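Trainee: Predicted model and sequence follow; I will ask about them next.
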Amino acid sequence: MASGQKRNASLKEGKIGSLYKSVQSEKTSVQEEIIAGGLEYHYKNNNFALLAYNQNYDRDFADTLWVKNLNAYSISAKTTGENYVLSAETALLEENIAFQSSVKFIYNYITQELSYSYRQGKQLPAYAAKPYLLSNQGENREIDWNLDYQLPKNMSLGLRYALVRKNNALKSPNWNSRGIFNLTFNPSYTIINLQLTLLDKEIVTETDSSYIATLPVHYRLRFKIDHELNPKLTLSLLLRYHYEDKIERRNNSFYWENAFYYHRTKWQISAGIKTWQTLTSLILPETDTENPEGCICATSEDDRVFAKVTYKGKVINLKTEWQQSWLNGNRTLYLSVGL
């Protein structure tokens, strides 16, 4: 694999300050060149792989811990048994080491997975996946444990627990945690989900520093009902409450959304209303992992009507969304096209 393109960037004194995800705009651009190759070998229930990667830019980075010419090499292995899956990968990025391993057990109605991740250094390949669930800044190590249990009578239980430790913290490094309790009940034509999340404040403040004065541990309650009115039409209700401040209750956040979803083979149309209130940025995390880098709504409060249309074809994907606030009169229109 090889590629070369102009990449949007912000410059500091002629050096790269940061790179943007988009590749075409009026922003300043730098030349990016990437070449990579890999080998994979299969033997019975075992897989082995090697990967070599190089990326190069035509300017130095303003951050002295980043290099414009990055070389990376990795080796990985995976073995699959009747009730288990073992995998491990280690990589070398210049002089820094990264390592990840996981073990997954499946027994009757119970599925468990335990994983460990560690990496040194600050720089990652340009389009690399996030190395950790809870953080991607600096030298960290993380332990994750997931459990799913299929209960009788259309019920399922999910537990998620993760620990992250920043080895390059200014003070003595501590383990920060995130825990999730998830219960789903699925009677005929209805899905009811209740989720409770506990987050250490440090995990949230890494994404938004305005949470620095909040409770040491955040509690987030999520309740959702999806009811199928007919095979093509679904009614959804979503409620969230974020307990973040013990003294000033008005600092706690809430979010409410009620919508209809109409499904076709290639089309999905949704419309509804949503409202929220918060004194900081209301972070709506990804449903299962409670990843803080989710959708961030505007600060303070708002009440909105929205409509969304999504089309997924063989060649082209389209998505458009319209929102109208009846609190301040603001109107937004979003359009996305993918090939």
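Mentor: All right, it came through fine.

Trainee: What's the separation between R119 and Y43?
Mentor: Plainly put, R119 is 28 Å away from Y43 if you go by CB to CB, to the nearest Å. In this view, the C-beta of every residue, glycine as well, is placed from N, C-alpha and C.

Trainee: Pick out whichever of the two has more residues nearby.
Mentor: Counted by other CB atoms under 10 Å, R119 and Y43 do not tie: R119 has more neighbours, with 22 against 8.

Trainee: give me the beta-bridge partners of the more buried one?
Mentor: Applying DSSP bridges to R119 gives these bridge partners: A98, N140.

Trainee: ok now do it, which residues does it touch?
Mentor: N96, I97, A98, F99, P131, E139, N140 (CB atoms under 8 Å, 6 or more residues apart in numbering).

Trainee: Mind doing that once more with 7 Å?
Mentor: For R119, the contact set (CB atoms under 7 Å, 6 or more residues apart in numbering) comprises N96, A98, P131, E139, N140.

Trainee: where does it land on pLDDT?
Mentor: With respect to pLDDT, R119 has a value of 84.

Trainee: ok, back up a step: output the contacts of R119 in a markdown table; the columns should cover pLDDT and neighbour count.
Mentor: Formatted as a markdown table, those follow (pLDDT from 0 to 100; neighbours: other CB atoms under 10 Å):
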| residue | pLDDT | neighbour count |
| --- | --- | --- |
| N96 | 86 | 16 |
| A98 | 88 | 19 |
| P131 | 59 | 16 |
| E139 | 74 | 16 |
| N140 | 80 | 22 |
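
Trainee: got a markdown table for those residues, with distance to M155 too?
Mentor: Below are these laid out as a markdown table (distance: CB to CB, whole Å):
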| residue | distance to M155 |
| --- | --- |
| N96 | 45 |
| A98 | 39 |
| P131 | 34 |
| E139 | 41 |
| N140 | 35 |
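
Trainee: quick check, nearest of these to K274?
Mentor: K274 lies nearest to P131 out of the contacts of R119, by CB to CB, at 32.9 Å.

Trainee: show me where the stretch 151-300 of the chain has strands.
Mentor: 155-166, 175-185, 190-200, 217-230, 233-243, 253-263, 267-278, 283-284, 295-296, 300-312 (DSSP state E, counting those that start in this stretch).

Trainee: and those, which is most packed in?
Mentor: Using mean count of other CB atoms under 10 Å, the stretch among these with the largest mean neighbour count is strand 283-284, at a mean of 20.

Trainee: what mean pLDDT does it have?
Mentor: So the average pLDDT for strand 283-284 ends up being 60.

Trainee: Look up the pLDDT of the closest residue to N317 other than its chain neighbours for me, please.
Mentor: Nearest residue to N317, sequence neighbours excluded (CB to CB, 6 or more residues apart in numbering): G338, at 4.0 Å. Per-residue confidence at G338 stands at 78 (pLDDT).

Trainee: count of neighbours near G338?
Mentor: Per other CB under 10 Å, the neighbour tally for G338 reads 10.

Trainee: Now that we're looking at Y311, what pLDDT does it have?
Mentor: Y311 is assigned a predicted lDDT (pLDDT) of 93.

Trainee: how close does it sit to M155?
Mentor: Relative to M155, and taking CB to CB, Y311 is found at 35 Å.

Trainee: can you list the weak-confidence ranges in the stretch 51-200 of the chain?
Mentor: 129-138, 167-173 (pLDDT under 70).

Trainee: how many neighbours does the nearest residue to K319 once chain neighbours are set aside have?
Mentor: Distances taken as CB to CB, 6+ apart place S336 nearest to K319, at 4.3 Å, with adjacent residues excluded. For S336, the tally of surrounding residues (other CB under 10 Å) stands at 10.

Trainee: Columns distance to R331 on top of the strands of the stretch 151-300 of the chain, output as a markdown table?
Mentor: Output for the strands of the stretch 151-300 of the chain, formatted as a markdown table (distance: least, CB to CB, whole Å):
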| stretch | distance to R331 |
| --- | --- |
| strand 155-166 | 38 |
| strand 175-185 | 36 |
| strand 190-200 | 32 |
| strand 217-230 | 27 |
| strand 233-243 | 23 |
| strand 253-263 | 18 |
| strand 267-278 | 15 |
| strand 283-284 | 21 |
| strand 295-296 | 19 |
| strand 300-312 | 10 |
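
Trainee: which one of those strands lies closest to S74?
Mentor: Using CB to CB, those put strand 155-166 closest to S74, at 21.8 Å.

Trainee: Any figure for the gap between the residue nearest to N317 and E94?
Mentor: Separation of G338 from E94 (CB to CB): 34 Å.
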